[in-house]
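A.B. asks: no sequence on this one, just coordinates:
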């Protein structure tokens with residue numbers, strides 16, 4: 001059946017508030033939610049504590065599809081989706097002028113037992129088609145999302161996939177002030193906040209949950225960042241690419257790829273451990289911030305990593321870098337790494353303090369970056385004879401570099417980061 005829920009279809013003038021569903025069981029085919037199947041109105045202060053099953057597309061704990069507003073809602077039931085777009089609060093957000101999902105929480109397990117895509121702790125898929133604008137704010141997930149038993153693509157602690165089809169960079173989809181504390185598992189494009197970010201914007205997101213991937217592109221904030229912008233966000237979770245996997249595991253993102261403009265990661269930091277134990281023949285690209293930066297097929301557009309740092313331990317079987325592992329058409333500016341790098345097979349992999357492996361013929365810029373001389377790296381950039389822009393520093397030297405790095409940093413007077421430079425927004429957040 002279509003539009004399955006306590007209320008199948010809620011129109012634009014409709015509003016549901018202060019409603020709870022307990023000890024129930026909801027199952028539908030397309031647009032399935034405990035409270036509302038398809039929501040075009042407003043849902044506020046509602047709670048679901050029941051199991052929800054969607055056999056096909058668009059399954060959520062509160063609503064199957066949302067084109068308007070969902071606020072202050074909580075899901076505690078387990079949600080099982082079909083082929084695509086499954087979320088703890090809502091399966092899909094699209095086709096609305098000003099779509100809002102705000103101050104919502106998920107505590108249930110979100111999963112699928114078949115090959116599926118776009119699975120999120122809060123929203124399965126957030127899209128901006130036509131004149132759609134989507135805001136996801138102040139949301140929190142603690143539920144387990146996804147599994148490693150079937151091929152799940154685009155899996156995130158908050159949103160499975162966020163995409164602006166209009167290709168207006170960073171303009172129509174915003175994810176802000178969201179936290180994931182749940183375990184996230186998937187096959188490809190697996191992130192602590194968003195599995196697949198495309199032409200969308202993340203600001204002030206935090207991941208503390210463990211993120212596990214079985215194939216490729218795994219990250220603490222995003223698995224895939226394609227023409228997206230991530231800013232003022234951090235990861236402290238354990239990021240893991242399992243045995244039999246292919247490539248790409250990073251503390252912030254699996255990749256940062258520009259295809260039509262600028263993909264950017266700015267003012268972010270990672271303290272979580274990054275592990276690649278994938279495969280001795282395939283295993284590549286483990287890094288503190290982004291595993292794969294740039295575009296493998298073309299360096300026409302630059303991908304940017306600006307004012308970021310890593311303190312997390314990096315363990316791999318192939319090439320690895322303190323900030324990035326592989327690059328083709330990138331800009332890395334004002335970054336530093338103090339995280340330890342350990343390679344299981346020194347013959348097959350190498351360790352770069354800033355970036356390990358680059359296409360030297362591409363449009364690459366590495367400016368004003370630093371790495372700790374005891375981190376285990378052999379060089380700053382790609383085993384080049386000149387490592388200009390990626391200098392090795394002692395502990396005491398690095399601790400005094402805040403003013404040299406940029407005006408985005410400040411001294412760590414409160415010992416938030418063991419005396420190493422911190423980003424100014426961290427200090428402001430800590431004071432609050």
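C.D. replies: Sure, I can see it. For clarity, every value in this text was computed on a predicted model and none was experimentally measured.

A.B. asks: Pretty sure residue 160 sits in a helix.
C.D. replies: No. Applying DSSP: H, G, I helix; E, B strand; the rest coil, one finds residue 160 to be strand, outside a helix.

A.B. asks: who touches it in this structure?
C.D. replies: Each residue near residue 160 by Cβ atoms under 8 Å, 6 or more residues apart in numbering is listed here: 85-87, 117-120, 123-125, 154, 194-196. For glycine as for every other residue, the C-beta is placed from the backbone atoms N, C-alpha and C.

A.B. asks: With residue 418 instead?
C.D. replies: Contacts of residue 418 (Cβ under 8 Å, 6+ apart): 311, 412.

A.B. asks: Isn't residue 305 up against residue 289?
C.D. replies: Yes. Residue 305 is within contact range of residue 289, at 5.8 Å (criterion: Cβ atoms under 8 Å).

A.B. asks: Between these two, which contacts overlap?
C.D. replies: Here residue 305 and residue 289 share the contacting residues 265, 323, 324, 335, scored by Cβ under 8 Å, 6+ apart.

A.B. asks: neighbour-wise, which of the residues you listed leads?
C.D. replies: Neighbour counts for these (other Cβ atoms under 10 Å) peak at residue 324, which has 37 neighbours.

A.B. asks: Spatially, and excluding backbone neighbours, which residue is closest to residue 384.
C.D. replies: Distances taken as Cβ to Cβ, 6 or more residues apart in numbering place residue 360 nearest to residue 384, at 7.7 Å, with adjacent residues excluded.

A.B. asks: which other helices and strands contact the helix or strand harbouring residue 214?
C.D. replies: Element membership for residue 214, per DSSP states H and E: strand 211-219. In terms of contacts (3 or more Cβ pairs under 8 Å, 6 or more residues apart in numbering; DSSP states H and E), strand 211-219 is packed against strand 184-191, strand 222-226, strand 239-241, strand 247-250, strand 253-256, strand 290-294.

A.B. asks: which secondary structure elements does the very next helix or strand once past the fifth one contact?
C.D. replies: So the one you mean is strand 253-256. As assigned by DSSP H and E, the chain's next helix or strand after strand 253-256 is strand 263-266. Under the contact definition 3+ Cβ pairs under 8 Å, 6+ apart, strand 263-266 sits against strand 222-226, strand 229-231, strand 253-256, strand 303-306.

A.B. asks: tell me the most buried of the ones you listed?
C.D. replies: Mean neighbours per residue, mean count of other Cβ atoms under 10 Å, is largest over those for strand 253-256, with a mean of 34.

A.B. asks: For that one, which helices and strands make contact with it?
C.D. replies: Checked by 3+ Cβ pairs under 8 Å, 6+ apart, strand 253-256 has strand 184-191, strand 211-219, strand 222-226, strand 263-266, strand 290-294, strand 303-306 packed alongside it.

A.B. asks: Now for residue 83, how many residues are close by?
C.D. replies: Per other Cβ under 10 Å, the neighbour tally for residue 83 reads 17.
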